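>>> no sequence on hand, only this structure:
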C-alpha cells in the first residue's frame, strides 16, 4: 500500500496501477463524502500459494483453505498526515454475519470472500472499511526483495522451525524475502538466551508485535531505497501487478493523492494498536475472546470518534426500565440516541422497584456517565459497576422520577463534585491517544537494536 501511494506525482503510475487486479465488493465498503476525510484500508495477507513452487518452505503444514493469515486496518487522515494501524488477531472469536454462528475471524474469508470479512469487521467492531488491499505470500516475499531485504537486529539467536525461520547469528541481519515471510508468519518464535531455546509464550500477540515492528522497518527501507526512484518504483509496481488485489473503488488518482499527502511521512510516527483479548477454548478450538470494554477506546480511533472532545459519541449505552412504565426504556434510549449517544439496547431492570434514576458506569467511564446525566431532567445517582456487560460502558436505570430527555444539556459544572470524588481505574499505557486509548504495549519476544546501535 505504501509502495503504491509513494508513487504520487509520477505519471506512469496510472498505467502501472491500472494493471493491478481489482475485486468488486458491491455495497460492503463504506462511503466517504470527500477525499480529504480519513479513510480505513483493510489490508489482509492471505495464505494463497499462487506463484509458489510446490516444494517452497512456506508450504510446510499449510492447509488448502483460503484463510487470512494477517488482518490489519490502516487509518490515514490526510488533513493531519496521521496514520494508525490496528492488527486483529487471527484467532479472535467473532460472530460471522449470515451464518448464525461464531468462528475465528480468519475463517470469514473462506466462508464468503472479502465481502464476508468486511461485513464481520463492520458488524462486530463498528469500524467502517473504505478500501481493500490483499497480498499473497509470493507478493509479500517479492516486495521485500524489491527493496533488497529488510534489516532487523537480533540480540540473540532466533528461529521458528514451523515456518522455516532460522537466524542463528546475533546482530543486524537483512532478511531476504523468504526469511522475512517466515519471520512475519512466526507463531512459534524461539530464542536462545544462553540457557537453551525458549518459545515465546505470547503466541499470536508476539507475532503481531513483530509484524508491526517489521512494517516500520520495511517502510524505512523503502524510503532509504528511494521509492520515488523510477527503477525501484517500477519493480514494486511490477510485483503488485501479479500479487496484490485492490478494490475497484480505489482509483489511480486516489493512490497518487495519497502519495502526495503522505510524501514526508516518518514511519516512526505510525501508531500501532492491538485489541486486548484473553485466550480460551470454544469447544475443542483454542481461540481469543475480545475484552470488549478495553477494546472500545482503540476501536473508537478507527471509527473516527474522539471521546476526549465528545464523550457522548463514545458512550455505549444500555437503558434499563426500572420504573415499570410501559415503553420507557426504549423511548429514553431512542431520545438519547438522537442526541448523539452510542446506543446498545433497552431492557427491563431486575425489578420495577427503583426509587430514583441511577447511572451505572464501568471503571474509568465517569465522564461518559456525566455526559448522559447532563441530558436527564432529574438528578440521578451514580454507581460504579465493574460487572456491566462488555459491550456497555454506561447503563441508565430509569426510576419514577425520570420523565424525559432535556433539549439542551445541563452545565458540566453541575457534576464536578462527582467527578472530583469518583475513583478512576485506568490501564497502564505507553502513549496516550485520542479517547483514552493507548498505543500497543509490545508483547512477546521482539528483536530490537541496543541503545546507540543502528541497524539498516
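Okay, I see it. Computed from a predicted structure; not experimentally measured.
>>> centroid residue for this structure?
residue 86 (2.6 Å; CA atoms, centre = their mean).
>>> check what pLDDT it gets.
Listed pLDDT for residue 86 reads 96.
>>> shift numbering so it begins at 430
Sounds good: first residue 430 from here, last item residue 515.
>>> would you agree it falls within a helix?
No - going by DSSP: H, G, I helix; E, B strand; the rest coil, the assignment for residue 515 is strand, not a helix.
>>> can I assume it is in contact with residue 699?
No - using CB atoms under 8 Å, residue 515 makes no contact with residue 699, being 11.4 Å away. (Each C-beta comes from the backbone N, C-alpha and C, glycine too.)
>>> tell me what the residue nearest to the centre of the chain is bridged to.
Per DSSP bridges, the residues bridged to residue 515 are residue 502, residue 702.
>>> from residue 504, how far off is it?
7 Å (CB to CB, to the nearest Å).
>>> got any residues that touch both of those two?
Common contact partners of residue 515 and residue 504 (CB atoms under 8 Å, 6 or more residues apart in numbering): 730, 731.
>>> contacting residues around the closest residue to residue 700 other than its chain neighbours?
Once flanking residues are discounted, residue 700 sits nearest to residue 513: 4.5 Å by CB to CB, 6 or more residues apart in numbering. Applying CB under 8 Å, 6+ apart to residue 513 gives the contacts 503, 504, 699, 700, 701, 702, 730, 731, 862.
>>> show me the shaky parts of the protein.
Within the chain, the ranges that satisfy pLDDT under 70 run 430-447, 462, 464, 477-496, 655-662, 736-740, 852-871.
>>> let's go with 50 and repeat that
For the chain, residues meeting the criterion pLDDT under 50 lie at 433, 435-438, 852-865.
>>> tell me the domain ranges of it?
Per automatic domain parsing, the structural domains of the chain span 431-732, 740-865.
>>> for these, which one sits closest to residue 882?
Across the domains of the chain, residue 882 has its closest neighbour in domain 431-732 (6.8 Å, CB to CB).
>>> that's a helix at residue 765, yeah?
Yes - Residue 765 forms part of a helix when assessed by three-state DSSP.
>>> tell me, how many residues neighbour it?
23 (other CB atoms under 10 Å).
>>> that one and residue 745 touch, don't they?
No - Residue 765 is not in contact with residue 745 according to CB under 8 Å; the separation is 11.8 Å.
>>> could you measure from residue 691 over to residue 570?
For residue 691, the distance to residue 570 - CB to CB - is 25 Å.
>>> which one's more surrounded, these two?
Ranked by neighbour count (other CB under 10 Å), residue 691 and residue 570 place residue 570 first, with 25 against 17.
>>> just to revisit the earlier point, residues contacting the residue nearest to the centre of the chain?
Contacts for residue 515 (CB under 8 Å, 6+ apart) come out as 501, 502, 504, 556, 701, 702, 703, 704, 727, 728, 730, 731.
>>> quick one: which of those is nearest residue 804?
Distance to residue 804, by CB to CB, is smallest for residue 728 among these, at 23.8 Å.
>>> measure the nearest residue to the closest one once chain neighbours are set aside to residue 849 for me?
Leaving aside its sequence neighbours, residue 728 sits nearest to residue 554 (CB to CB, 6+ apart; 5.3 Å). Using CB to CB, residue 554 is found at 34 Å from residue 849.
>>> more neighbours: which of those two?
residue 554 (23 against 8).
>>> contact partners for residue 470?
Counted by CB under 8 Å, 6+ apart, residue 470 has contacts 430, 502, 503, 504, 505, 558, 559, 560, 561, 562.
>>> what about it, helix or strand, and which?
Assigned by DSSP states H and E, residue 470 belongs to strand 468-475.
>>> quick one: strands adjacent to that strand?
Sheet pairing of strand 468-475 (DSSP bridges) gives strand 497-506 (antiparallel), strand 560-565 (parallel).
>>> including mean neighbour count and distance to residue 797, could those go into TSV?
Conversion of the strands paired with strand 468-475 to TSV gives the following (neighbours: other CB atoms under 10 Å; distance: least, CB to CB, whole Å):
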stretch	mean neighbour count	distance to residue 797
strand 497-506	21	23
strand 560-565	22	31
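>>> quick one, which of these is nearest to residue 683?
strand 560-565 (7.9 Å).
>>> following element in sequence after the closest one, please.
helix 566-575.
>>> buried ones in that following helix?
566, 567, 568, 569, 570, 571, 572, 573, 575 (16 or more other CB atoms under 10 Å).
>>> and of these, the nearest to residue 677?
Set against residue 677, the nearest of the buried residues of helix 566-575 by CB to CB is residue 568 (18.7 Å).
>>> leaving out the residues flanking it, which one is nearest to the closest one?
Per CB to CB, 6+ apart, closest to residue 568 is residue 672, 2.4 Å.
>>> who's residue 595 bridged to?
For residue 595, the beta-bridge partners are residue 588 (DSSP bridges).
>>> neighbours of it, how many?
When neighbours are counted by other CB under 10 Å, residue 595 registers 12.
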